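# The following block contains a protein sequence and its predicted model.
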Amino acid sequence: MDFATSILAQTTPAAPSGGGFSQLIFMGLLFAAMYFLIIAPSRKKQKQHQKMISELKSGAEVVTSGGIYGQITNVKDDRFVLRIAENTKVEIAKSSVSSVVNQPE
């Protein structure tokens, strides 16, 4: 009987040691780290980009996300009219402006 009891004791799995709460804390800390390292800086950058776009006026020299340099000649509701060469104007979406080269006074 002692032999059977010893084999049975070796084959039964051990009960989990109450790790549910510690896993919950770990997941919370992981989410907080992801928020502060990825989500918050991305939101801040997006707000800065929206502010830059809202402050653009006619005469500003900009660079588009495609790498085209030009000067804003007209501001519409959802787009800019951009002069990229003499007698050449194109309409671009406001969100495609990546940076400002020169802002008029």
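Sure, I can see it. Owing to the predicted nature of the structure, the values given are computational and were not obtained by experimental measurement.
# any idea what sits nearest Ile84, other than its immediate chain neighbours?
Gly70 (4.1 Å; CB to CB, 6 or more residues apart in numbering). Backbone N, C-alpha and C define where each C-beta goes, glycine included.
# quick one: which helix or strand includes the one you found?
Assigned by DSSP states H and E, Gly70 belongs to strand 69-75.
# Give the next helix or strand downstream of that strand.
strand 79-85.
# Could you list the paired strands of that following strand along with their orientation?
The strands that strand 79-85 pairs with in its sheet are strand 69-75 (antiparallel), strand 88-93 (antiparallel) (by DSSP bridges).
# Going by residue numbers, what spans are helices in this protein?
For the chain, the helices defined by DSSP state H cover 2-11, 20-34, 40-54.
# Quick check: the most centrally placed residue in the chain vs Lys57, distance?
Closest to where the C-alpha atoms of the chain average out (CA atoms, centre = their mean) is Ser42, at 3.8 Å. From Ser42 across to Lys57, the span is 27 Å (CB to CB, to the nearest Å).
# same check, this time on Asp77
15 Å.
# Next: Ser65.
For Ser65, the distance to Lys57 - CB to CB - is 20 Å.
# neighbour-wise, which of the two wins?
Using other CB atoms under 10 Å as the criterion, Ser65 and Lys57 rank with Ser65 on top: 12 against 9.
# That one contacts Ala93, correct?
No - look at Ser65 against Ala93 with CB atoms under 8 Å: they stay out of range, at 9.4 Å.
# Which residues does the residue nearest to Ile84 form beta bridges with?
Under the criterion used (DSSP bridges), Gly70 bridges to Val62.
# list the contacts for it?
Gly70 is in contact with Glu61, Val62, Thr64, Leu82, Arg83, Ile84, Val90, counting by CB atoms under 8 Å, 6 or more residues apart in numbering.
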